[in-house]
Structures are given as C-alpha cells and as structure tokens.
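[1] Take this sequence and fold it.
(one chain, ligands or ions: 1)
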Amino acid sequence: MRSETDVVVIGAGQAGLSSAYFLRRSGLEFVVLDANSRPGGAWQHRWPSLRLDKVHGFHDLPGLAFHEQDEHRMASEVVAEYFARYERTFDLPVHRPVEVLAVRDAGPRLLVETTGGTWAARAVINATGTWTRPFWPHYPGQETFTGRQLHTADYRTAEEFRGQHVLVVGGGTSAVQLLIEIADFASGTTWVTRRPPVFQDAEFGPELGREAVAKVDQRVRAGLPPASVVSVTGLMRTPQVRDAQARGILTRKPMFDRITPTGVVWADGTEQQADVILWATGFRAALDHLAPLHLREPGGGIRMDGTRVVAEPRLHLVGYGPSASTIGANRAGRTAVREIRQLLTTRPVETA
Ligand code: FAD
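    Numbers count the residues shown, from 1 in each chain. This next block holds a predicted model:
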C-alpha cells in the first residue's frame, strides 16, 4: 500500500502532537505515525514513582490546558490521558501502532516506509524522541557480572531492590532521583559518575533554560551530537537533594575501572560488591530510520539550522537537541510547520 500526503509526522509525543496542531491550522494534508499502541509518547513508559511533582515542569501543549491538579498522580498515566484528550480535541490523524522503518529520498518526495505501508510525503517532521534508544556504555568485565543489570528505561520501583546493594552509574537527574528512592530500601548504594557532579543552587528559571538551549543549539548547528541538558545546567539542588546530601546518599565516586562477577574495581584496587548495577546513563536520539538519508556529519551529529536539517531541508527534527523538553518541543513544532509551509507553497506539487 502506498499513500501520498504533504507531511508525515513521525512520533506522537509532545513534539509530534505540537507539530500536528500547527499542521491542522496550516491547511496542509498530513498524517502522524506512532509506534506505540496507545497515546502518551514516551511518558506512558516512565516509572510509576515518577509523579508530577518530580518532573521539571510539564508544559501544556498548544491550544489545550493540561489542568491536572493532583501532583501525586503518576506522570505516565496523567500525561497519557492528556495526550489522548488532545488527539481527540483537534481530531489529529494519528495512525498506531505504525513503526517507521526507513525514510528514503525518492526525488521529489520522501518515502516513509513503515510496518503499515509506505507514505510518499513532500516533507517529514521527525519527532521520535530518545526513549527507544537507552544508552549502555561498555566496561571491561560487564558480561561476567552475575547480579542484575538494568537501565533507567527498565526501572519500575525501588522496592525491587530491598536488601540489595545497588550501584548507580550516571550523573543526570534520573540517577539522582532513583538513588534517593532506592536508598530507602537497599542495604546500601554507591553512586559513580564520569565527571564530578555540579549542583546548582539557582532555580531552574527561564534564564538558565535559555542558556542551556543556546549551548545545545550551538552544538547541533556545528554538526555535533546534542549534549545532555545536565551537562550544561548542572543538577538542581532541590530540598530533597539537599536532604539526601546530608544523609550521605549523594556521595559520588569516580568511574570504576572494570566490572567483576560480584561488583566493581577501581584503578587503585578498591572494590565494591554489588547485587545490582543500574545504568542511569541516558538516551540517544532515535534516528536509525533516517540512516538511508546519510545525514551524519564527521562530528557524529546532524547539522541543523533551527529544526531544519541542513542537508535535507524537507526534513525537520523536533524534540531533538535544543528542543528536547516539553516547552522546546512545543516551539519546535510551530517553527517546523512554518518553514515547511513556506517551502511547500514555493514548490509545485510533484509526484515521485
Ligand atoms: P517522546 O515522548 O519520546 O515521543 C516519541 C514518540 O515517537 C513515541 O510515541 C514513540 O513511540 C514514537 N516513535 C519512536 N520511534 C518511532 C518510529 N521509528 N516510528 C514511529 N514512531 C516512533 N521534559 C520536561 O520538559 N520536563 C521533565 O520533567 C522531563 N522529564 C524527563 C524525564 C525523562 C526520564 C526523560 C527521558 C525525558 C524527560 N523530559 C522532560 C524530556 C521530555 O519528555 C521530551 O523531550 C518531550 O516530552 C518531547 O518528547 P518527544 O515528543 O520528542 O518524544
């Protein structure tokens, strides 16, 4: 089966839905293809203890207020409800579950090959987030470890670690939040990070946000992979973090040298026994389906100008790099649609 449309949006998270909202207003024909079987983007998969009061600030999608009063409800549940309501309210044409396998250049159109047929589009907005690409670094001896290894993406609840020693690897917000939760149940915890963590006492206000976005934007304009937000902002010293520091939970050790069957060893020979290694080592952009377009630069990233891919102006990446936040995703959707509308109105409709 092959269908034609003006724009294909890949992904129905915050970035994809924001794009769909602006496309609806633009008058262009479009579809949204989403690999999940239910609304909710990546939020639906996040761990149950991630309550609304623990997220950094969830921004309304354009045109419909979020309106959740109970901040103790699970973010996974509440956001999924909100996204479902959003799709209904604006009658967004979301097809699911449809996984995009490849995007190819077919002359005048981009061919979007999926598990549910092929779409020939005049432009593509990619909004596939990072959740499906958890990043696991490799350390010598990793395969010999006889305990449990898991990634943040697999984490469900701290109670699973009752009475165990848990070693958490990673210097981001998730590492800190999970350490604090797990410490209440584990027999002990160890925190290791590559670089010493930097705690930030300032509120995460608009100014810090703008600074972080500008730094990540600079990287992707230069064709480098986007850096994590924490690497540019530092970790927020919330009251909960301050308390955990006072209790010694956030005493960090440098990266170990190797993994043994029962724990880890540092270069100076110090050992730590562990039952569990939790890799809170982040995620990478889920862009494998764009490989046929050969967009990677020698620096390892995709060179961007705002949301537009410099080497392929019919393709926009939203929720990527500087727009990988709920507020950034909103703005990116609007920018991408404005530019695509301009591009398509100056180009005649062609068929492949
Ligand atoms: P997602 O929500 O990941 O949605 C991507 C969608 O694309 C999914 O539905 C997926 O099924 C679909 N998809 C992926 N690949 C394919 C494919 N090949 N074919 C079809 N569909 C596909 N931001 C904040 O502003 N505040 C926070 O507190 C916050 N907390 C976060 C906590 C964690 C643990 C993480 C990982 C991120 C957090 N973020 C937060 C970032 C924020 O969630 C996202 O940047 C933002 O929601 C934009 O999401 P998105 O639409 O880009 O991606």
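
[2] Could you use CA atoms for every contact and neighbour count after this?
    Fine.

[3] Contact partners for residue 16?
    Applying Cα atoms under 8 Å, 6 or more residues apart in numbering, we find residue 16 in contact with 9-10, 32, 125-128, 318, 333.

[4] now it: how far from residue 163?
    Per Cα to Cα, to the nearest Å, residue 16 is found 42 Å from residue 163.

[5] would TSV of the contacts of residue 16 with pLDDT be doable?
    Formatted as TSV, the contacts of residue 16 follow (pLDDT from 0 to 100):
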residue	pLDDT
9	98
10	98
32	98
125	98
126	98
127	98
128	98
318	98
333	98
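
[6] Of those, which are in range of the ligand?
    Restricting the contacts of residue 16 to those touching the ligand (Cα under 6 Å from any ligand atom) yields 10, 127-128.

[7] So which of those is the closest to residue 306?
    Proximity of the ones next to the ligand among the contacts of residue 16 to residue 306 was ranked by Cα to Cα; the top entry is residue 127 with 14.2 Å.

[8] State the number of residues packed around the closest one.
    Other residues near residue 127 come to 33 when the count uses other Cα atoms under 10 Å.

[9] Now render the ones next to the ligand among the contacts of residue 16 as JSON lines, adding secondary structure and distance to residue 339.
    Listed next are these as JSON lines, based on DSSP: H, G, I helix; E, B strand; the rest coil; distance: Cα to Cα, whole Å:
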{"residue": "10", "secondary structure": "strand", "distance to residue 339": "17"}
{"residue": "127", "secondary structure": "coil", "distance to residue 339": "16"}
{"residue": "128", "secondary structure": "coil", "distance to residue 339": "19"}
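
[10] I'd assumed residue 102 was in contact with residue 290.
    Yes: here residue 290 reaches residue 102: they are 6.0 Å apart, a contact under Cα atoms under 8 Å.

[11] Please enumerate the strands of the stretch 101-250 of the chain.
    Here the stretch 101-250 of the chain has its strands, by DSSP state E, counting those that start in this stretch, at 109-114, 117-126, 148-151, 165-169, 188-193, 199-200, 235-236.

[12] can you tell me how far residue 89 sits from the ligand?
    Residue 89 sits 18 Å away from the ligand, going by Cα to the nearest ligand atom, to the nearest Å.

[13] okay, now that residue: neighbour count?
    Neighbourhood size, residue 89 [other Cα under 10 Å]: 11.

[14] likewise residue 151?
    By other Cα under 10 Å, the residues close to residue 151 number 18.

[15] For it, give me its contacts.
    By Cα under 8 Å, 6+ apart, the residues touching residue 151 are 134, 136, 278-281.

[16] So among those, which ones count as buried?
    Among the contacts of residue 151, those buried by neighbour count (16 or more other Cα atoms under 10 Å) are 134, 278-281.

[17] Export the contacts of residue 151 as JSON lines, with columns for pLDDT and distance to the ligand.
    Output for those, formatted as JSON lines (pLDDT from 0 to 100; distance: Cα to the nearest ligand atom, whole Å):
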{"residue": "134", "pLDDT": "97", "distance to the ligand": "9"}
{"residue": "136", "pLDDT": "94", "distance to the ligand": "14"}
{"residue": "278", "pLDDT": "98", "distance to the ligand": "14"}
{"residue": "279", "pLDDT": "98", "distance to the ligand": "13"}
{"residue": "280", "pLDDT": "97", "distance to the ligand": "9"}
{"residue": "281", "pLDDT": "96", "distance to the ligand": "11"}
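
[18] Close to the ligand: what parts of this structure are there?
    Residues of the chain lying near the ligand by Cα under 6 Å from any ligand atom: 10-16, 33-36, 41-43, 55-58, 98-101, 127-131, 286, 319, 324-327, 329.

[19] any idea how far the ligand is from residue 149?
    Counting by Cα to the nearest ligand atom, the gap from residue 149 to the ligand is 18 Å.

[20] Give the closest residue to residue 58 in space, chain neighbours not counted.
    residue 326 (6.2 Å; Cα to Cα, 6 or more residues apart in numbering).

[21] what's the burial count for that neighbour?
    Neighbourhood size, residue 326 [other Cα under 10 Å]: 20.

[22] quick one, what contacts it?
    Counting by Cα under 8 Å, 6+ apart, residue 326 touches 14-15, 58-60, 319.

[23] possible to save the strands of the stretch 101-250 of the chain as a markdown table with distance to residue 49?
    Formatted as a markdown table, the strands of the stretch 101-250 of the chain follow (distance: least, Cα to Cα, whole Å):
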| stretch | distance to residue 49 |
| --- | --- |
| strand 109-114 | 34 |
| strand 117-126 | 29 |
| strand 148-151 | 16 |
| strand 165-169 | 17 |
| strand 188-193 | 19 |
| strand 199-200 | 23 |
| strand 235-236 | 19 |
